[in-house]
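Student: sequence and predicted structure are below.
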Amino acid sequence: MNDSTLDGPLVRIKGLHKHFGDNEVLRGIDLDIAEGEVVCLIGPSGSGKSTLLRCVNLLETPTEGTVTAAGHDMTGPDADLDAARRDIGMVFQHFNLFSHLSILDNVAIAQRRVLKTPRAEAEAEARRLLAEVGIEGKERAKPAQLSGGQQQRVAIARALAMGPKLMLFDEPTSALDPELVGEVLSVMKGLAAEGMTMLVVTHEMSFAREVADRVIFLDGGVIVESGPPAEVLTAPKTERARGFLHRVL
Ligand code: ADP
Ligand code: MG
């Protein structure tokens with residue numbers, strides 16, 4: 001824990017720039033997220049949404065700027081990224097479950113390996129988390145035996161197993177058949193209702209409208225609009241946001 005971050009926002013991003021070679025993908029992002037807040041990040045393909053998310057847990061290294069998240073000074077010289085990533089869960093578009101492991105082991109493995117939780121305890125916790133995401137009676141199955149929606153719910157349970165303070169979601173429903181999207185969104189809604197702090201990249205505008213405290217429209221590596229969903233989604237101020245929403249809604 002970094003004392004200076006205890007009372008402040010759970011995420012604080014200041015002056016964040018990210019270049020890939022000559023390509024400046026993030027061009028000065030300032031963003032605070034309060035504890036318990038749900039922020040949805042929207043914007044065109046290539047606008048830098050994934051890069052921004054990945055800079056929060058340092059899967060990408062910022063070129064310039066600072067990030068503190070879940071009490072960790074991510075860009076500081078003494079950053080303990082392993083400890084930080086236990087406090088920051090991430091769910092990807094492609095669920096990336098361990099294909100050779102059972103569903104139960106997928107959720108229990110990090111507790112056992114990383115937290116050194118005894119097997120019985122880790123498995124009991126994994127069963128509890130699987131029940132929470134609506135997966136029961138599949139503990140012994142392999143990921144390939146589950147639907148995409150079930151696999152993504154297992155991926156959420158796996159992320160929750162570390163007891164994160166912050167959850168990052170990068171288009172968690174984009175790879176799913178349409179009829180499976182709702183079950184994943186409903187698990188995310190439940191998490192939000194329990195007070196989890198969430199930063200969610202999504203194209204699901206009805207989810208953003210219903211669940212987000214704040215919607216951020218990113219375009220060209222800058223935050224173009226930020227505000228409550230009723231403002232940003234219903235009455236966008238900029239032509240860029242109006243154009244984007246017109247295309248996706
Ligand atoms: P979004 O998630 O909004 O679609 P990304 O953050 O994935 O956008 O990508 C933004 C830009 O950064 C794109 O031009 C993409 O090609 C580039 N980019 C992303 N990751 C890398 C990388 N690892 N190496 C080089 N360029 C990258
Ligand atoms: Mg992306």
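Tutor: Perfect, thanks for sending it. Ligands and ions are numbered 1, 2, ... in the order given.

Student: report all helices and strands that the helix ranked longest in the chain contacts.
Tutor: Criterion DSSP state H: the longest helix present in the chain is helix 178-193. With contacts defined as 3 or more CB pairs under 8 Å, 6 or more residues apart in numbering; DSSP states H and E, the packing partners of helix 178-193 are helix 148-160, strand 197-201, helix 205-211. Yep, even glycine has a C-beta here, placed from its N, CA and C like the rest.

Student: mind listing what's buried along that helix?
Tutor: 180-181, 183-185, 187-188, 191-192 (16 or more other CB atoms under 10 Å).

Student: and these, which is closest to residue 118?
Tutor: residue 191 (26.3 Å; CB to CB).

Student: need the contact list for the closest one.
Tutor: 156, 160, 167, 198 (CB atoms under 8 Å, 6 or more residues apart in numbering).

Student: dump the residues you listed to CSV, plus distance to ligand 2 and neighbour count.
Tutor: Shown next, in CSV, are those (distance: CB to the ion, whole Å; neighbours: other CB atoms under 10 Å):
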residue, distance to ligand 2, neighbour count
156, 18, 26
160, 22, 22
167, 17, 22
198, 16, 23
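
Student: for residue 168, give its distance to residue 78.
Tutor: 22 Å (CB to CB, to the nearest Å).

Student: who's more crowded, the two?
Tutor: Ranked by neighbour count (other CB atoms under 10 Å), residue 168 and residue 78 place residue 168 first, with 26 against 7.

Student: look up the residues forming beta bridges with that one.
Tutor: residue 90, residue 199 (DSSP bridges).

Student: got a list of what the spatially most central residue of the chain touches?
Tutor: Centroid-nearest residue in the chain: residue 168, 1.4 Å away (criterion: CA atoms, centre = their mean). Counting by CB under 8 Å, 6+ apart, residue 168 touches 53, 56-57, 88-91, 198-200.

Student: quick one: low-confidence residue ranges for this structure.
Tutor: Low-confidence segments of the chain (pLDDT under 70): 1-6.

Student: residues of the protein that sit close to ligand 2?
Tutor: Residues of the chain that fall close to ligand 2, judged by CB under 5 Å from the ion: 49-50.

Student: let's see it at 8 Å
Tutor: Within the chain, the positions near ligand 2 by CB under 8 Å from the ion are 45, 49-51, 53, 93, 170-171, 201.

Student: give me the buried entries from those.
Tutor: 49-51, 53, 93, 170-171, 201.

Student: now do residue 78 against ligand 1, distance only.
Tutor: 26 Å (CB to the nearest ligand atom, to the nearest Å).

Student: three-state assignment of that residue?
Tutor: coil (DSSP: H, G, I helix; E, B strand; the rest coil).

Student: what's the distance between it and ligand 2?
Tutor: Between residue 78 and ligand 2 the distance is 30 Å, computed by CB to the ion, to the nearest Å.

Student: which residue lies farthest from the center of this structure?
Tutor: residue 120 (28.5 Å).

Student: please tell me how far it sits from ligand 1.
Tutor: Distance, residue 120 to ligand 1, by CB to the nearest ligand atom: 40 Å.
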